[in-house]
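J.: sequence unknown, structure follows:
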């Protein structure tokens, strides 16, 4: 069971997309797991052949529990590697125990069709009684067992919301207890960025327009290239730089709660790509159908609360990340340019950062970089 | 086009952009954003796209402020549709 963020303790297996004997490649969706963040598509991190399904559909298991056994490419025997180990939480690495294959009393009698069906459905043949010759298990026995077992059920909305509330509480408590935050803020002049955006959007059809938020995300991602100590995780008493710049984007869910799935390699994406990905991510987050890598990979979080009318965000870092960037609303305000007071669209940007991983000096440099990147919007 | 079918189409587009919203009881003169919880800029973009598709109308970004209320949407669309 992969850890889909430090705030997750367990998940319920909703569906297997693989069966023993199937070849799988890194990144394939192998299962669907129900968590308070929705029904999450679990991607596999290895390439190989599925040997055995270890957790049946409908079962709720803690993070770190092996879900399936995989024979990794090039290895002759069964390797104890399970589906989708936790990405940033090595303590929860999912490693299967050695197979306990030889059943007492010898081999179970079952037809190949029955074996295949049971494996796909995650049913343990040893728990069934066979109706075939000499007590052999038939396909019909397996079908009957599937029919009578309690159906895997996604959480009800109230249950999901309560679970999410608990998880947010645990993560934020841990953050405030463990992370020595420092906070920096700066005012960004958004005139150039908005003028560029207006001109750009005037040329575009309704379906291809960009939001200012996308320029902010891109500026943050690019600035992080120069500030690697803000991008990554604090694990086991030390900082581990992120493997890429995967910007978690806080998305408020209708009905309450939030998720912050990652925009992968956001520094390398064009504003158009980011816009398309963001729309998709928002839609899927709200429909409760994110992918495991999106929930596990974020190396920093960006939260924008300006649309709710606030000027400034004082963010709490989402552990094990080490920084959070907050944006308030863009509003016309007096601003001094060349000695004269003029009206300008201004935006408060804040950085909450983990003082264990970085110092204020670096944080300040990062915010200054975000600002200067936004003065050249055409280069984003 | 009279305002009833326009109104119905606007509400349908709004309902599609904000799935859980109760669009049946909107005050036509209050801002949509103030009446709908979680109506963010991406929802608004989806709403405008819905109008664009339903009426086959290009809606430039500079006109977006006119779409802030239900009454504003209906007025705007009536004017635009009458002009073509």
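T.: Thanks, I have it. These numbers were taken from a predicted model, which means no experiment stands behind them. Numbers count the residues shown, from 1 in each chain, chains lettered A, B, ... in the order given.

J.: isn't residue A:232 right up against residue A:317?
T.: No: Residue A:232 is not in contact with residue A:317 according to CB atoms under 8 Å; the separation is 12.0 Å. Any C-beta I mention is one placed from the backbone N, CA and C, and that applies to glycine too.

J.: Break down chain B into its helices, ranges please.
T.: Listed in chain order, the helices of chain B (DSSP state H) span B:3-17, B:32-35, B:41-55, B:70-82.

J.: what helix or strand is residue A:177 on?
T.: Remark: residue A:177 resides in helix A:157-178, with elements defined by DSSP states H and E.

J.: helix or strand right after that helix?
T.: Once helix A:157-178 ends, the next helix or strand along the chain (criterion: DSSP H and E) is strand A:181-189.

J.: check which helix or strand covers the closest residue to residue A:19 other than its chain neighbours.
T.: In space, and not counting its chain neighbours, residue A:19 is closest to residue A:120: 4.0 Å by CB to CB, 6 or more residues apart in numbering or on different chains. Assigned by DSSP H and E, residue A:120 falls within helix A:112-121.

J.: isn't residue A:157 right up against residue A:257?
T.: No: with contact defined as CB under 8 Å, residue A:157 does not reach residue A:257; the gap is 10.3 Å.

J.: who has more neighbours, these two?
T.: More crowded of residue A:157 and residue A:257, by other CB atoms under 10 Å in any protein chain shown: residue A:257, with 18 against 11.

J.: How about the contacts made by that one?
T.: For residue A:257, the contact set (CB atoms under 8 Å, 6 or more residues apart in numbering or on different chains) comprises A:36, A:161, A:164, A:165, A:168.

J.: got the phi/psi numbers for it?
T.: With angles defined as degrees, to the nearest 10, residue A:257 sits at phi 80, psi 170.

J.: Next, count neighbours for residue B:65.
T.: 9.

J.: So it versus chain A, what's the distance?
T.: Computed as CB to the nearest CB, to the nearest Å, the residue B:65 to chain A distance reads 13 Å.

J.: Can you name the residues bridging to residue A:13?
T.: residue A:33 (DSSP bridges).

J.: That one touches residue A:31, doesn't it?
T.: Yes: here residue A:13 reaches residue A:31: they are 6.3 Å apart, a contact under CB under 8 Å.

J.: neighbour-wise, which of these two wins?
T.: The residue with more neighbours, out of residue A:13 and residue A:31, is residue A:31; 27 against 24, by other CB under 10 Å.

J.: looking at it, that one is touching residue A:19, isn't it?
T.: No: if you go by CB under 8 Å, residue A:31 and residue A:19 don't touch, sitting 11.4 Å apart.

J.: circling back: shared neighbours of residue A:13 and residue A:31, anything?
T.: With CB under 8 Å, 6+ apart, residue A:13 and residue A:31 have common neighbours residue A:67.

J.: what's the average pLDDT for the helix or strand just after the helix holding residue A:120?
T.: Where DSSP H and E defines the elements, the next helix or strand beyond helix A:112-121 is helix A:139-148. For helix A:139-148, mean pLDDT is 80.

J.: Name the residues of helix A:139-148 that come out as buried.
T.: By neighbour count with 16 or more other CB atoms under 10 Å in any protein chain shown, helix A:139-148 contains the buried residues A:139, A:141, A:142, A:145, A:146.

J.: Kindly confirm my reading that residue A:351 is in a helix.
T.: No: counting by DSSP: H, G, I helix; E, B strand; the rest coil, residue A:351 is located in no helix; its state is strand.

J.: Spit out the contact partners of it.
T.: Residue A:351 touches A:183, A:184, A:185, A:230, A:323, A:324, A:325, A:326, A:363, A:366, A:367, counting by CB under 8 Å, 6+ apart.

J.: Buried subset of the residues you listed as a ChimeraX selection?
T.: The ChimeraX selection below is limited to those of the contacts of residue A:351 classed as buried (16+ other CB under 10 Å):
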select /A:230,323,324,325,326,363,366,367
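
J.: Reformat the contacts of residue A:351 as JSON lines; add pLDDT, distance to residue A:270 and secondary structure.
T.: Formatted as JSON lines, these follow (pLDDT from 0 to 100; distance: CB to CB, whole Å; DSSP: H, G, I helix; E, B strand; the rest coil):
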{"residue": "A:183", "pLDDT": "98", "distance to residue A:270": "31", "secondary structure": "strand"}
{"residue": "A:184", "pLDDT": "98", "distance to residue A:270": "28", "secondary structure": "strand"}
{"residue": "A:185", "pLDDT": "98", "distance to residue A:270": "29", "secondary structure": "strand"}
{"residue": "A:230", "pLDDT": "98", "distance to residue A:270": "23", "secondary structure": "helix"}
{"residue": "A:323", "pLDDT": "98", "distance to residue A:270": "24", "secondary structure": "strand"}
{"residue": "A:324", "pLDDT": "98", "distance to residue A:270": "24", "secondary structure": "strand"}
{"residue": "A:325", "pLDDT": "98", "distance to residue A:270": "20", "secondary structure": "strand"}
{"residue": "A:326", "pLDDT": "98", "distance to residue A:270": "24", "secondary structure": "strand"}
{"residue": "A:363", "pLDDT": "97", "distance to residue A:270": "27", "secondary structure": "helix"}
{"residue": "A:366", "pLDDT": "98", "distance to residue A:270": "22", "secondary structure": "helix"}
{"residue": "A:367", "pLDDT": "98", "distance to residue A:270": "23", "secondary structure": "helix"}
